[in-house]
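Visitor: Sharing a model that was predicted from the sequence below.
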Amino acid sequence: MMRDGNMYGEGETAAMEGDAYDRLYPYHAELCALSELRKKPGFGVPVRSGMGGHCLLYLNGVRRDRIGYPTLKVCAPGEAPARNGVGISVNSHYRNANWVAAEGREFLWRGALQPGERLTREAYERTQDRAKEIGLLDGVQFHDHLFRAKPHGMSERDYMYEISVATDYAVHFGRDTYHARIPLDYERMLSIVAYLNNLNAPYRDGERVFRWRLFNNNCVHVVHNALAEAGIWAPWPTGQFSALAMFNFPVPKNEFVDLMLRANDLPIHNARAIHDDHLVRRTFSQTGILPTAPGALAVVGAAIRDNDVYDTERLRLIFYENPFWGPYRRHFARIFAEPRYTDLRANLRHFAAIYEAALRSRAGDGAAGPFEASYHHYIAREAERVRAQLASLDQATELLEEAVS
């Protein structure tokens, strides 16, 4: 199971895997499904969440545009995109923003906590101080009714940062996480960032007041639709009639599974199947890219167990489906049983085999004309690219082995 060493502190080998991924895919996104949250009594404002969890979007290769309100900019290829990233969180707290952005992978997941450090009251308060220093909530207003629960003597600003911990930043203080990580490129990341900035614009300018809606405008809608801008899948409609939307709305753990399957399991070896899928064909015609491609991995992160502030035992995160014959539990188990979903090298080898099979069968696939030519050009190009990526991984492994021998 892939764990990013930089993010989760899993040791030298995992750190190498994380570095290798960033080197191969400096622009990438992670749909992050977060478990429930249970704060222990006696540590500031009591906070608990439901077992449906929360959803974040992490964008590597993106920074905050520091102008006092949450806006984003994409790092140009020469601006070290691999070393920058932001976590996008949608929360019912906000009045004049749809989302906020926590900059920096480490801070998003571990706050100001040092590797191996216990989460104490001091570390908890230090993390909030750091969030204030970087202005995470600068320019953001919360709904007035939220302050009714504010403890006497606490400032509104302190209260805002207090109730945002482990949801909008320092997430692993209190939550387990499942990440569906997918590679992107500079152009597709530009599309995602433009969508997110435009989403916040009317709230920032006071044209509208943001109101979170479970069935029609929740955290997962934003994450799903941001990825739709990159051609991953169709957008999820918002503003539907509530009685209809309540039977079909996105939830974090389902979306994690859906994205892992979408990015790994489309029949890309079959030109006819790709041609006959209208959405995939249109995306391919517009971008020259298929949603299923090498590098889409499941990454798991655990809540801080050495923890004075949050209860992190048996954190729940449910699927929204029929509990008896729904498919999500079966798909979830398969994702963590087959190495191609969680290990970078196994994933690249899997796609290398798919591309080679597609190249061998090109004469009889049934698709003709310009589409067929574009498809086979794409397959040949990707086959060459994945061979180069595997060679790069082998070289990095050899260098590491020489360094430690």
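Guide: Structure received.

Visitor: Where does the prediction get shaky in the stretch 201-350 of the chain?
Guide: Low-confidence segments of the stretch 201-350 of the chain (pLDDT under 70): 241, 243-246.

Visitor: Sketch out the helices for it, chain order is fine.
Guide: Per DSSP state H, counting those that start in this stretch, the stretch 201-350 of the chain carries helices over the ranges 219-228, 242-245, 252-264, 271-276, 278-287, 328-335, 344-360.

Visitor: any idea how far residue 349 is from the closest residue to residue 264 other than its chain neighbours?
Guide: Nearest non-adjacent residue to residue 264, counting by CB to CB, 6 or more residues apart in numbering: residue 296, 5.3 Å away. Heads up, the C-betas are built off the backbone N, CA and C, glycines and all. According to CB to CB, to the nearest Å, residue 296 and residue 349 sit 14 Å apart.

Visitor: With neighbour numbers in mind, choose between those two.
Guide: residue 296 (25 against 16; other CB atoms under 10 Å).

Visitor: Could you check how far the more buried one is from residue 181?
Guide: Residue 296 is 7 Å from residue 181, by CB to CB.

Visitor: How about residue 55?
Guide: Separation of residue 55 from residue 181 (CB to CB): 14 Å.

Visitor: With residue 98 instead?
Guide: Taking CB to CB, one finds residue 98 at 23 Å from residue 181.

Visitor: same question, residue 387
Guide: On the measure of CB to CB, residue 387 and residue 181 end up 22 Å apart.

Visitor: now swap in residue 395 and tell me
Guide: Counting by CB to CB, the gap from residue 395 to residue 181 is 22 Å.

Visitor: and those two? which has more neighbours close in?
Guide: Taking other CB under 10 Å, residue 395 and residue 181 do not tie; residue 181 has more neighbours (24 against 10).

Visitor: and that one, that's in a helix?
Guide: No - going by DSSP: H, G, I helix; E, B strand; the rest coil, the assignment for residue 181 is strand, not a helix.

Visitor: doesn't residue 27 make contact with it?
Guide: No - contact criterion CB atoms under 8 Å: residue 181 and residue 27 do not qualify, at 11.7 Å.

Visitor: Buried ones in the lengthiest helix in the chain, by neighbour count?
Guide: Ranked by number of residues, the top helix in the chain under DSSP state H is helix 370-404. The neighbour-count check on helix 370-404 (16 or more other CB atoms under 10 Å) flags 371-372, 375-376, 378-379, 382-383, 385-386, 389-390, 393, 396 as buried.
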